[in-house]
Every structure is written in structure tokens, then in C-alpha cells.
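Quick one: sequence and predicted model below, then my questions.
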Amino acid sequence: MSTKAEQYDVIRRPIITEKATMASENGAVVFEVAIEANKPQIKEAVESLFNVKVKAVNTTITKGKTKRFKGQLGKRKDVKKAYVTLVEGNTIDVTTGL
């Protein structure tokens, strides 16, 4: 069992977008997670931080875009998202914050 600090390192923040809201209607919650985090770590962190039962975890990595910052070429960071599906009857209210 890992500590709360390590679990907050795994789960960075909830993602609240139109797509994430549509996923929440099907019992899923979307979080930005650490790039090096794996599915069992994400499941353990969500279950212990929010006191819910997790049914499944799906992850996706979005590669950072190349953009111009003040005329200089730069690259945005890569982002890993976790779509956490909860067992029936469990909910997480992401609007209140962590």
C-alpha cells in the first residue's frame, strides 16, 4: 500500500471537458495521471483516495504539440489520461476538487 503523497503523484488532476462529461454519464471519470503510472497503480490510488470500487482503467497518451512560444519553437508536454470506470452505485464528484 502506498502513501497518500505517492497517490497524489500518480493522479494529477481531474479533467473536465465535454468528452469527459459524456464519459461520466456512463459511470467513468477522467483524470490526468503521471506518464510513468500504470493501470494497477491508478486503480489503487483512485480506490484509496475516493473510497470507491474501480471496475476498469483505460489509459491514453496524447503527444505534445509543437508550438511557437514568443517566436521560439517549443513543445508542449505529453499528457497521459486515465478513463476510470466505476462499479455501479459508486460516484466521484470532481467539481468539488481533490
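Okay, I see it. Numbers count the residues shown, from 1 in each chain.

Checking my notes, residue 41 in a helix, right?
Yes. Assessed with DSSP: H, G, I helix; E, B strand; the rest coil, residue 41 lies in a helix.

Could you report the neighbour count for residue 39?
For residue 39, the neighbour count with other CB atoms under 10 Å is 15. In this view, the C-beta of every residue, glycine as well, is placed from N, C-alpha and C.

So residue 82 versus residue 66, what's the distance?
Distance, residue 82 to residue 66, using CB to CB, to the nearest Å: 25 Å.

Residue 40 too?
Distance, residue 40 to residue 66, by CB to CB: 33 Å.

one step back: residue 82 and residue 66: who's more crowded?
Ranked by neighbour count (other CB under 10 Å), residue 82 and residue 66 place residue 82 first, with 26 against 9.

May I have the beta-bridge partners of the residue nearest the centre of the chain?
The centroid of the chain falls nearest to residue 31 when counting by CA atoms, centre = their mean (1.7 Å). On the basis of DSSP bridges, residue 31 is bridged to residue 14, residue 82.

correct me, but it touches residue 92?
No. Shown here, residue 31 and residue 92 do not form a contact pair, counting by CB atoms under 8 Å, at 9.4 Å.
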